[in-house]
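Engineer: A structural model of the following input is requested.
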Amino acid sequence: MKAKLVLIGNGMAGGKLLEEIVATCADLYDITVFGNEPYGNYNRIMLSPLLAGDKTLDDIMINHRQWYTDHDIQLHAGKEKAIVKIDRARQQVIAADGSITPYHRLVIATGSQPFILPVEGAHLEGVISFRDIADVEKMITTAQSHRRAIVIGGGLLGLEAAMGLTTRGMQVTVVHNHDIPLNRQLDAQAGMLLKHELASRGLSFKLNASTHKIIGDEQGRVTAIQFDDGSKIETDLIVMAVGIRPNIELAKSSGVYCEKGIIVNDTLQTYDPRIYALGECIEHRGDTFGLVAPLYDQAKVLVNHLSEHGIARYQTLPTATKLKVTGIHLFSMGKFLESQHCETLIFQDDAQNIYKKLVIENETLVGVVLYGDTKEGAFYSELIDQHTNIKHIRPYLMFGRGLCDEMSITLGSPSPDASSSDTSTLDAASSIPHRTRPPIEQRSITVEKPKVVDCPKTLTVTGSA
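Structural biologist: Numbering: from 1, shown residues only. Below you'll find the model as predicted:
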């Protein structure tokens, strides 16, 4: 007899887990899935292209309902099937319609909730978040009959929403509480480049601003936003994109231990040994999550234990940031802000609108910001992930993998892409795993004479490559 596995949450974390189960241990479980939205599993990070009109709803679907049927997975989708209680003593879950489903193993993947500013007028009609397909549909409908929009939040999600609404013909102002957009992912120089590029595409900005209240009309619809400095901007739509919070209400009310998120160990197991959790709802070693890469890593670890192998452990790794706006190329990863213990390399080409910044500490690359030219992002990501010693390639590091490999061969130094002669081991201090790539392209590089700026341990190079 198969064990009964119940999954609460049909988002990207839950969907990835199901794919891993189907590939490795589907014969061990009768699987039942509960999702709040009336769809199969869709790619939430493609909501921005959906808003902009670059993708259709069908384009962003990962697994349609038929996929669940084909793999003998019972899917309950829609608000009436949302789980409202976990009865841990009886090992069963209760849905909003009163139906009861037993489990031997339970996985909670309830994701996160958008944070709504606690200000007057936050619940007026026309004030929405940007979290799911329903939110996108509201924005598209509003754009068809109105022209002014405010997006509160200059992070990744806020900028993608703003550009999507601009594409739909709306006049959009981004309100942010910092002096540059993406201040958690970019330094000041890259942030200013991004701001100027977005402004050239029609976005307006109100920076270093704090929302005081939202104003509505007699019908209860938003008409304006007022700031702490007393200024106001009239608007027909406000999109709040000011962060997310782990959705822990169900787990917490059921006695599953939570702090910022549902507390899990390295195997994604909660304090109840029959209950696991993954995704944006969890807290692991003090960290919570909002990007897709760690969610997929968690799914692979969890399926290792559900398949009864029981050897994998989850470890949080640096995650790269990319902006999904057509024609804007940026990449950010690691500790990109300088400190007294680090060395900074900067390349800037104003004519090509290119900016690159590498942060080095103890002969390892610890942070990177790329704007305008992100082709070497994967190379730098590998160096950071593997804590590679870059001493022998440091003079060529700014120019990417090709030159680093070329000069390593010429100088007889270990290549940053070389594997150990024993393929079962890896010296992470001096090499990174081999990966298939195109042959090295022979190219000439012209760089103006480097300029050493006043800041200690900081090298700024201007020119073109």
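Engineer: what is residue 34 paired to in the beta sheet?
Structural biologist: Going by DSSP bridges, residue 34 is paired in beta bridges with residue 8, residue 76.
Engineer: surely it is in contact with residue 76?
Structural biologist: Yes. Taking C-beta atoms under 8 Å as the definition, residue 34 is a contact partner of residue 76 at 5.0 Å. C-betas here are computed from N, CA, C, even on glycine.
Engineer: anything in contact with each of these two?
Structural biologist: Shared contacts of residue 34 and residue 76, defined by C-beta atoms under 8 Å, 6 or more residues apart in numbering, are found at residue 95.
Engineer: okay, the two: which has more neighbours?
Structural biologist: Applying other C-beta atoms under 10 Å to residue 34 and residue 76 shows that residue 34 carries more neighbours, namely 25 against 17.
Engineer: check contacts around the more buried one.
Structural biologist: The neighbours of residue 34, taking C-beta under 8 Å, 6+ apart as the test, are 6-10, 76-77, 81-83, 93, 95, 101.
Engineer: run the last query once more with 7 Å
Structural biologist: Going by C-beta atoms under 7 Å, 6 or more residues apart in numbering, residue 34 touches 8, 76, 81, 82, 83, 95.
Engineer: how near is residue 30 to residue 22?
Structural biologist: Distance from residue 30 to residue 22, counting by C-beta to C-beta, to the nearest Å: 13 Å.
Engineer: dump the residue contacts of the residue nearest the centre of the chain.
Structural biologist: The centroid of the chain falls nearest to residue 291 when counting by C-alpha atoms, centre = their mean (2.5 Å). For residue 291, the contacting residues are residue 319, by C-beta under 7 Å, 6+ apart.
Engineer: for it, what are phi and psi?
Structural biologist: Backbone torsions for residue 291, taken as degrees, to the nearest 10, come to phi -110, psi 160.
Engineer: where does the protein have its least confident helix or strand?
Structural biologist: Lowest on mean pLDDT, DSSP states H and E among the helices and strands of the chain sits strand 451-452, with a mean of 38.
Engineer: would you mind measuring from the residue nearest to the centre of the chain to residue 233?
Structural biologist: Distance from residue 291 to residue 233, counting by C-beta to C-beta: 31 Å.
Engineer: just residue 320 next, same as before
Structural biologist: Residue 320 is 34 Å from residue 233, by C-beta to C-beta.
Engineer: bridging residues for residue 364?
Structural biologist: Counting by DSSP bridges, residue 364 is bridged to residue 361, residue 389.
Engineer: isn't it right next to residue 390, touching?
Structural biologist: Yes. If you go by C-beta atoms under 7 Å, residue 364 and residue 390 touch, sitting 6.4 Å apart.
Engineer: which elements pack onto the one helix or strand residue 358 maps to?
Structural biologist: Using DSSP states H and E, residue 358 falls within strand 354-361. Secondary-structure packing of strand 354-361 (3 or more C-beta pairs under 7 Å, 6 or more residues apart in numbering; DSSP states H and E): helix 188-200, strand 343-349, strand 364-371.
Engineer: for my notes, please list those in JSON lines and give mean pLDDT and distance to residue 224 for each entry.
Structural biologist: Below are the helices and strands packed on strand 354-361 laid out as JSON lines (pLDDT from 0 to 100; distance: least, C-beta to C-beta, whole Å):
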{"stretch": "helix 188-200", "mean pLDDT": "96", "distance to residue 224": "22"}
{"stretch": "strand 343-349", "mean pLDDT": "95", "distance to residue 224": "40"}
{"stretch": "strand 364-371", "mean pLDDT": "96", "distance to residue 224": "34"}
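Engineer: just name the most buried of the ones you listed.
Structural biologist: Per residue and on average, the most neighbours among those fall to strand 364-371, with a mean of 24 (mean count of other C-beta atoms under 10 Å).
Engineer: how much does it deviate in direction from strand 354-361?
Structural biologist: Taking axes from the mean of the first three to the mean of the last three C-alpha atoms, to 10 degrees, strand 364-371 and strand 354-361 form an angle of 160 degrees between their directions.
Engineer: and the next element down the chain from strand 364-371?
Structural biologist: Per DSSP H and E, the helix or strand that comes after strand 364-371 is helix 377-385.
Engineer: which outside residues touch that next one?
Structural biologist: The contact list for helix 377-385 (C-beta under 7 Å, 6+ apart) reads 317-318, 320, 331, 333-334, 365-366, 368, 370, 390, 400-401, 416, 432.
Engineer: show me the two of those that sit farthest apart.
Structural biologist: 317 and 400 (21.7 Å; C-beta to C-beta).
Engineer: the stretch 51-200 of the chain: strands as residue ranges?
Structural biologist: Taking DSSP state E, counting those that start in this stretch, the strands of the stretch 51-200 of the chain run over residues 61-63, 73-77, 83-87, 92-95, 100-102, 105-108, 112-114, 127-129, 148-152, 171-175.
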